[in-house]
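Peer 1: Curious how this folds, go ahead:
(2 chains)
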Amino acid sequence: MASLADLFSSGTLSQFLVGLSRTTILFIVSSGLTLILGVLRIPNLAHGSLYMIGAFLAYSVIHFLGDGTAAFWAALVIAPLVVAALGFLLERGFFSYLYEREHLMLLLLTFSFTLIIGDLVKLVWGAEYRSVTVPRVFQGSAEVFGLPLPYYNLFLLLIGPFIAVFLWLVVNKTKMGKIARAAAVDSEMVSAVGINVGWVFAFTFVLGCFLAGLGGALIAPMVNITLGMDHSLIMEAFLIVIMGGLGNIWGALLGSLIFGLTQSLGILVWPQFGIVFPYLAVVAVLVVRPKGLLRSTW
Amino acid sequence: MKTRSLALAGFVLVVFLAASAQAADTIKVGLVDTYTGPATAFTNDVLDGFKLAVEKINAKGGVLGRKIAYITRDDKFKPDIGLTMAKELILKENVDLLMGTINSATALAVSDLCRKEKVPFLVTFSKSDKITGEKGHRYVFSMNENTEMAGRATARVLAKKPFVKYWIAGDDYEYGHAIANGVFDHLKKLNPKAQLLGQSWWKVGETDFTPYITQILAAKPDFVIVATGGAGMVNFQKAAQSTGFNKRVPFYQHTGIELSTLAPQGQNAPEGVYGTANYLFYYPNTKQNQAFADEFRKAYNRYPKSGALYGYMAAQFIAKSYEKAGKVDKEKFIDALEGMSLDSPVGRMEMRACDHQVALPMFFGVTKKSPKQEFLVASDILSIPGKDYMPTCEEIRKARAK
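Peer 2: Okay, the predicted model is just below:
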């Protein structure tokens, strides 16, 4: 246990920034999850698998284009688009037939997809660990009060707000976003006024998958790309979504902030038990607000 | 109708006879291991190394005039499935012995079954020291090092270094804690000045180590014992590289110098990482090791890792033991295997009679860029002979008596 004085020492700020950069990835992935959950009512367990595919695709693209910085930017565009296309196939091929079914059915279906996708990834990429190096522009680290903050984390810090603004524009300013919000509340009414709800759902699902793929591509340079990376993430993403309020994108942002920051600051306070802090935060939030912090669309 | 069912019965009988006839002239090895999911990065090497040796043995006419046959079962990294599979292999397939698995909990469960069924079990890759330690018995053998051994080997080297303030950080599961305790407990005995400044434990599968690293740096330890396993090995090294952690404070990882950790990172792995490994395809630079590496590479188009050595040697220990026993008999097999020593790509390997733990060298080295390879290699390698870092037979007896 560090004393209170240590808490507010130089380490705190750098730890805060590191926590924020972690929040970015969590937010990108969980916003996609909550979007699909809110509009389509699908608790998509395969969301983590799509994130894993995004990371593997980023690996392939970067490897194919020769490991340069340009290859990294290309991967950031291509990987999420391919995952989005895959999402489109999943939605049209499976989910579009199942919207009327109960949630347990959908849960089982998405669970089966996590298993199938896991094995497909093994077939395509093999079981060996894959790794992508941090693009040259982001190699090395900045000094924040004598402690290192990798440039790549800084880059993530900048990406986060962009994604948030982008999502806000899509949901609030585009026609598609407005229809999607309406469909989330009452899809029958939306179709009654002559709008093809099916395509709205498809669009939302594809957007959610795009975000999963983007999260995977962004995390690729930081981690070991491997089978199983989907499991740990989907757990956290679901907790964040539940904490923020099901289907609420701003809830996902708030949840990610709480999750990311309690972890990084918790490590500072008590490194040996750093992992419990985010989960304690989840418990605390759910005790005080069982339906999540912000208004759920459910 | 009647003729058809008669024909069917006849067919079944023929198949059955053929199967039992085949069983009579082969030695049947059952492999229970994890063949799906992330652990396959290690288990495929065990299987491929085993296959390589078995094919060679069979090409020369097998053992005692019999070919070695093997059956694999996927335990999906789950102890209950592994145990079911092991039962099936023993009772239905009548295997002569069992091999596997990477999951220590599965290995201990199967070991217990093998003790009751009196079937020899050669453990490959499970790292729990209980397997040949307190839970050891006549029917179980370990083909690889364990956490206790890795800890002792590392402590021997670290005790001679000038570090005083240590920090422990690792994956929060049994393997992580066992490695960390193994290293630090023995270090404390060899160098009483060593003190533990603090610890960080993260969940298995943690992806972002930056917050942990910045916190450790703020505490200013002299040396960090990093107890990661599986995917965490590479994840931590990547974080070390991007934060410059390795340049600010030296750290150690068991298997940190191994190919499975370094190859995925190419030229961008951190330099100066201390690590231990049981096998390096480029060290020792002997004819035997080169021949094995070339042979493996020719067959599978990749370099062999530790698992390949375990599988390759397991097959040879099996063949030699039956040869020495003179017949395919489970008890005679065990008697023959006890105390047997064979030439391996890394030098002499002995199956110690008192605890059924294989003695093999441990390599301690530091990561460094190499002009010859497209990934980092270990440099300044110290080879620690097996007997120097194994618990003594006396210690094993005490542990088992408990």
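Peer 1: Tell me how far residue B:373 lies from residue B:284.
Peer 2: Noted for residue B:373: a distance of 16 Å to residue B:284, by C-beta to C-beta, to the nearest Å. Every C-beta, even on glycine, is put in place using the N, C-alpha and C of the backbone.
Peer 1: typo on my end, it should be residue A:196
Peer 2: On the measure of C-beta to C-beta, residue A:196 and residue B:284 end up 70 Å apart.
Peer 1: These two: which has the busier surroundings?
Peer 2: Neighbour comparison, residue A:196 and residue B:284: the larger count goes to residue B:284, with 15 against 11 (by other C-beta atoms under 10 Å in any protein chain shown).
Peer 1: Look up how far residue A:226 lies from that one.
Peer 2: According to C-beta to C-beta, residue B:284 stands 30 Å off from residue A:226.
Peer 1: Tell me the predicted confidence for residue A:4.
Peer 2: What the model reports as pLDDT for residue A:4 is 52.
Peer 1: repeat for residue B:105
Peer 2: At residue B:105, the model reports a pLDDT of 93.
Peer 1: who's in contact with it?
Peer 2: Contacts for residue B:105 (C-beta atoms under 8 Å, 6 or more residues apart in numbering or on different chains) come out as residue B:79.
Peer 1: Would you mind pointing out the helix or strand it falls in?
Peer 2: With elements taken from DSSP states H and E, the one containing residue B:105 is helix B:104-117.
Peer 1: Would you mark the buried spots in that helix?
Peer 2: Within helix B:104-117, the residues scored as buried using 16 or more other C-beta atoms under 10 Å in any protein chain shown are B:104-115.
Peer 1: Next, format those residues as CSV and append distance to residue A:123.
Peer 2: Below are the buried residues of helix B:104-117 laid out as CSV (distance: C-beta to C-beta, whole Å):
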residue, distance to residue A:123
B:104, 28
B:105, 28
B:106, 25
B:107, 28
B:108, 32
B:109, 30
B:110, 28
B:111, 33
B:112, 35
B:113, 32
B:114, 33
B:115, 38
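Peer 1: lowest-pLDDT helix or strand in chain A?
Peer 2: Least confident helix or strand, chain A: helix A:4-7 with a mean of 52, by mean pLDDT, DSSP states H and E.
Peer 1: what element comes up after that helix heading to the C-terminus?
Peer 2: Helices and strands here follow DSSP H and E; after helix A:4-7, the next one along the chain is helix A:10-39.
Peer 1: is chain B contacted by that next one?
Peer 2: Yes - taking C-beta under 8 Å from any C-beta of the partner chain as the criterion, helix A:10-39 and chain B are in contact, through A:10-11, A:14-15, A:18-19, A:21-22, A:25.
Peer 1: For those residues, which single residue is the most surrounded?
Peer 2: Neighbour tally across the residues of helix A:10-39 next to chain B (other C-beta under 10 Å): the maximum, 34 neighbours, falls on residue A:18.
Peer 1: Show me where the stretch 1-150 of chain A has its strands.
Peer 2: Remark: strands of the stretch 1-150 of chain A, listed N- to C-terminal, are A:130-131, A:141-144, A:147-150; assignment by DSSP state E, counting those that start in this stretch.
Peer 1: wait, residue B:68 sits on residue B:31?
Peer 2: No - using C-beta atoms under 8 Å, residue B:68 makes no contact with residue B:31, being 11.7 Å away.
Peer 1: What is the neighbour count of the residue of the stretch 51-200 of chain B found nearest chain A?
Peer 2: Residue nearest to chain A within the stretch 51-200 of chain B (C-beta to the nearest C-beta): residue B:200, separated by 3.8 Å. Burial of residue B:200 is recorded as 25 neighbouring residues (other C-beta under 10 Å).
Peer 1: Specify the beta-bridge partners of it.
Peer 2: Residue B:200 has the following beta-bridge partners by DSSP bridges: residue B:169.
Peer 1: close enough to count as contact, it and residue A:274?
Peer 2: Yes - between residue B:200 and residue A:274 there is a contact under C-beta under 8 Å: 6.3 Å.
Peer 1: interface residues of the stretch 151-298 of chain A facing chain B?
Peer 2: A:152-153, A:219, A:221-224, A:226-229, A:231-233, A:263-264, A:267-268, A:271-275.
Peer 1: And the strands in the stretch 151-298 of chain A, which stretches?
Peer 2: Taking DSSP E, counting those that start in this stretch, the strands of the stretch 151-298 of chain A run over residues A:224-225.
Peer 1: pLDDT below threshold where in it?
Peer 2: Counting by pLDDT under 70, the stretch 151-298 of chain A contains low-confidence ranges at A:298.
Peer 1: Tell me where the chain has helices.
Peer 2: With no chain named, the answer covers chain A. Applying DSSP state H to chain A gives helices spanning A:4-7, A:10-39, A:47-64, A:69-93, A:103-125, A:151-173, A:175-185, A:187-192, A:197-219, A:229-244, A:249-269, A:276-288.
Peer 1: could you do chain B instead?
Peer 2: Per DSSP H, chain B carries helices over the ranges B:2-24, B:40-59, B:79-91, B:104-117, B:147-158, B:174-190, B:210-219, B:231-243, B:245-248, B:259-262, B:287-300, B:306-325, B:330-337, B:393-401.
Peer 1: OK, now which residue of the stretch 301-402 of chain B is nearest to chain A?
Peer 2: Closest point on the stretch 301-402 of chain B to chain A, by C-beta to the nearest C-beta, is residue B:302, at 8.3 Å.
Peer 1: residue contacts, the closest residue to that residue other than its chain neighbours?
Peer 2: Among residues not flanking residue B:302 along the chain, residue B:296 sits closest, at 7.8 Å (C-beta to C-beta, 6 or more residues apart in numbering or on different chains). Under the criterion of C-beta under 8 Å, 6+ apart, the contact list for residue B:296 reads B:48-49, B:52, B:281, B:302-304, B:308, B:312.
Peer 1: Is there a quick ChimeraX command that grabs whichever of those residues are buried?
Peer 2: Selecting only the buried members of those in ChimeraX, with burial defined as 16+ other C-beta under 10 Å, works like this:
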select /B:48,49,52,281,302,303,304,308,312
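Peer 1: Residue A:37: which of the contacts of residue B:296 is nearest?
Peer 2: residue B:302 (41.8 Å; C-beta to C-beta).
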